[in-house]
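[1] Predicted coordinates and the sequence they were generated for:
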Amino acid sequence: MLRRLRISNLVLIEDAELELHPGLNAITGETGAGKTILASAFGLLLGARGDRTLIGAAGDEAYVEAEFDTAPDELLGALADLRPEGEDVPVLARRVFADGRTRAYAWGRAAAREDVAAAAEALIAMSGQFEQRRLARPAYLLELLDRYAGVETDEARASWRRAQAARRRHEALTEDASAAEARMAELRALAEDTDGLEPDREDDLRAQRERLRHVTELAAGAAGGAAALAPDDGEGASDLIATAERALQPVEHLAPELQAAGDVLRQAELQLRETASELRGFLASLDAEPGRLEQVEGELDRLADLRRRFRAETLAELIERGDAARAELAELDGGRNPAEAAAAELEAAERDLARVHGQLTVARTAAADGLAAAVAVELAGLGLGDGEFQVEVEPREAGPSGGDEAVFLIRPNAGLPFAPVSETASGGELSRIALALAAVAGGETLVFDEIDAGVGGTTAHAVADTLRRLAEHAQVVTITHLPPIASAADRHFRVEKAVGDPTRTHIEPLDEAQRRDELERMLGGAEFLATLERR
């Protein structure tokens, strides 16, 4: 989920920090107060173009930063390589400079705008133009269908990787003699360079590096602790305890309580002196290998170079490939024909891939009608009741996630032909379709900017109810002018314009009393409500 959104000098927002609820977050305010600036902030994170008109009067640049909950590397894509060691929380940002240039960041490190946008889009689903872009992307539609069907693609991806590796081996052995020779050289190098490697070696080295990088602090702490317990000169904690024990010793036989206290002091003195000795031993071990940090860095670099050289994502995969290389070399030494073995391996891998892809196709086809019917029910409640929804599963070129393509079709009005959702629906309709899809198939953090476009009355309450249900298993942020939606929120923010020179926009979370006042304003104000009561 999105934990925190920070905005600095973006149009009228001089400085704002929104701590978002994991459920439903509503953002309201008077027309013209600056709610659309928040949409622009999300847009920048999602890759929208930036220009100098976005920069406010408080400085020469604008800045937007989003801090998320933990996210796996596969969602972060190319940014995963920038993740600092031990950092689980993704932090993505975008800066707009005075000349219109922009720069994107991940964990404060400069990154390609496209990579930051791709990671943000994997973590945030935003309605409007971004939803249209997502709904036009086949991979996203397939992901929605798989989520609804409860389909996991891990086995398909693993089978795809095995088939690709088998295909590369087969091609390398059958293209020509020089390729076969190069293949043999790679096998020998792989077998030799991975000999003796352990799967946890890289983790052990990283732990050693972290310790060695802080050797000064460790030495200072250990020396200070040892000196406090048992210094070479003067009295330490162990000496003071010994003094206390000697004071009690002559009179211990007079009272059992004093004998118990004496025993505790003797044991404490012994433990403190042992601890001081251990700290000095630890201190001596830090000085034993002055060049060890350089050695550790060098070995880590060597392992990283091996992974790059042999195209392995992890050390475990590298070791697995090394074992396979040794097994293949052993077979060659035994007289087995490598080309025939590679052909058999490829056939088996492709047969397994076809089996796994076939299972995916069956599961997706079985779930397609159910997804379409469930979305149609949601759409009817959201004021798109005349529309019909279809989900079709069509074949496409095989890939890591299977050999299928999901097509989402809608017919907004009877008599019209079915057409792809991304080409048919308007902005407000797209937002409601996205809401219906999320309500049925789930999702990540969902941001709705146009969910209430052209909506009122009963439909407004239906939209609010759907958002409330969705927020039970996903984080929702909605910019709205509808009281039913705002009243359903777990956290309510108000955008308010402060007239001045320059004019500024403030965003603040509302307590219960402030929230009642804001809802009253949205309903027409106290005077308008009093008029209704008089009627």
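    Done, it's in. Residues are numbered from 1 along each chain as shown.

[2] For residue 90, give me its contacts.
    Going by Cβ atoms under 8 Å, 6 or more residues apart in numbering, residue 90 touches 67-68, 70-71, 76, 79, 83, 106-107, 119, 123. To be clear about C-beta, it is placed using only N, CA and C from the backbone, and glycine gets the same treatment.

[3] in the stretch 251-400 of the chain, what spans have low per-residue confidence?
    By pLDDT under 70, the weakly predicted segments of the stretch 251-400 of the chain are 287-290, 333-337, 385-387.

[4] what about the longest strand in this structure?
    For the chain, the strand with the greatest residue count under DSSP state E is strand 388-399.

[5] could you point out which element follows that one?
    Counting by DSSP states H and E, the element after strand 388-399 in chain order, helix or strand, is strand 402-411.

[6] so what does that next one touch, helix or strand wise?
    If contacts are counted by 3 or more Cβ pairs under 8 Å, 6 or more residues apart in numbering; DSSP states H and E, strand 402-411 sits against helix 138-149, helix 338-381, strand 388-399, strand 419-420, helix 421-424.

[7] Name the residues that touch the last one?
    Read that as helix 421-424. For helix 421-424, contacts defined as Cβ under 8 Å, 6+ apart pick out 132-133, 135-136, 408-410, 412, 430, 433.

[8] Please convert the residues you listed to a markdown table, extending it with pLDDT.
    Output for the contacts of helix 421-424, formatted as a markdown table (pLDDT from 0 to 100):
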| residue | pLDDT |
| --- | --- |
| 132 | 69 |
| 133 | 74 |
| 135 | 78 |
| 136 | 79 |
| 408 | 90 |
| 409 | 90 |
| 410 | 86 |
| 412 | 72 |
| 430 | 76 |
| 433 | 82 |
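
[9] For these, work out which two are farthest apart.
    133 and 412 (20.0 Å; Cβ to Cβ).

[10] Any idea which residue is closest to the centre of the chain?
    residue 71 (2.4 Å; Cα atoms, centre = their mean).

[11] quick one: which helix or strand includes that one?
    Going by DSSP H and E, residue 71 is not part of any helix or strand.

[12] Check it and give its pLDDT.
    Residue 71 is assigned 72 on the pLDDT scale.

[13] Wait, it touches residue 123, no?
    Yes - with contacts counted by Cβ atoms under 8 Å, residue 71 reaches residue 123, the gap being 6.2 Å.

[14] Roughly how far does the closest residue to residue 241 other than its chain neighbours sit from residue 214?
    In this structure, residue 241 finds its nearest non-sequential neighbour in residue 269, 4.6 Å apart by Cβ to Cβ, 6 or more residues apart in numbering. Going from residue 269 to residue 214 by Cβ to Cβ, to the nearest Å gives 31 Å.

[15] neighbour count winner among these two?
    Taking other Cβ atoms under 10 Å, residue 269 and residue 214 do not tie; residue 269 has more neighbours (20 against 12).

[16] how deep is the residue nearest to residue 283 when sequence neighbours are not counted tucked in, by neighbour count?
    The spatial neighbour of residue 283 that comes closest, neighbours along the chain excluded (Cβ to Cβ, 6+ apart), is residue 222 at 4.6 Å. Residue 222 sits with 20 neighbouring residues when counted by other Cβ under 10 Å.

[17] Residue 266 now?
    15.

[18] and it, what does it touch?
    residue 245 are the contacts of residue 266 under Cβ under 8 Å, 6+ apart.

[19] Quick check: next helix or strand after the helix or strand where it lies?
    For residue 266, the host element (DSSP H and E) is helix 256-288. Counting by DSSP H and E, the element after helix 256-288 in chain order, helix or strand, is helix 292-309.

[20] What is that following helix packed up against?
    If you count contacts as 3+ Cβ pairs under 8 Å, 6+ apart, helix 292-309 packs onto helix 201-213, helix 315-333.

[21] give me that answer again for 10 Å
    helix 177-193, helix 201-213, helix 315-333 (3 or more Cβ pairs under 10 Å, 6 or more residues apart in numbering; DSSP states H and E).

[22] What residues sit buried inside that helix?
    296, 300, 303, 306-307 (16 or more other Cβ atoms under 10 Å).

[23] So, low pLDDT: which residues of the stretch 101-250 of the chain?
    By pLDDT under 70, the low-scoring segments of the stretch 101-250 of the chain are 128-132, 175-180.

[24] Quick check: buried residues in stretch 376-386?
    Under 16+ other Cβ under 10 Å, the buried positions of stretch 376-386 are 376, 378-379, 381-384.

[25] ok, now stretch 347-362?
    Quick answer for stretch 347-362 (16+ other Cβ under 10 Å): 349-350, 352-353, 356-357, 360.

[26] closest to residue 38 among those residues?
    If you rank the buried residues of stretch 347-362 by distance to residue 38 using Cβ to Cβ, residue 360 comes first, at 38.9 Å.

[27] what residues are up against that closest one?
    By Cβ atoms under 10 Å, 6 or more residues apart in numbering, the contact set of residue 360 is 142, 146, 149, 151-153, 155-156, 393, 401-404.

[28] could you flag which of those are buried?
    By 16+ other Cβ under 10 Å, the contacts of residue 360 give 142, 146, 149, 151, 153, 156, 393, 401-404 as buried.

[29] Including distance to residue 1, could those residues go into CSV?
    Shown next, in CSV, are those (distance: Cβ to Cβ, whole Å):
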residue, distance to residue 1
142, 24
146, 21
149, 24
151, 23
153, 23
156, 28
393, 31
401, 25
402, 29
403, 33
404, 30
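
[30] ok, so of the residues you listed, who is nearest residue 366?
    Using Cβ to Cβ, the buried ones among the contacts of residue 360 come closest to residue 366 at residue 149, 7.4 Å.

[31] How about the contacts made by the closest one?
    Taking Cβ under 10 Å, 6+ apart, one finds 360, 363-368, 370-371, 441 in contact with residue 149.

[32] moving C-terminal of the helix or strand harbouring residue 92, what's the next helix or strand?
    Per DSSP H and E, residue 92 falls inside strand 91-97. Per DSSP H and E, the first helix or strand lying C-terminal to strand 91-97 is strand 102-106.
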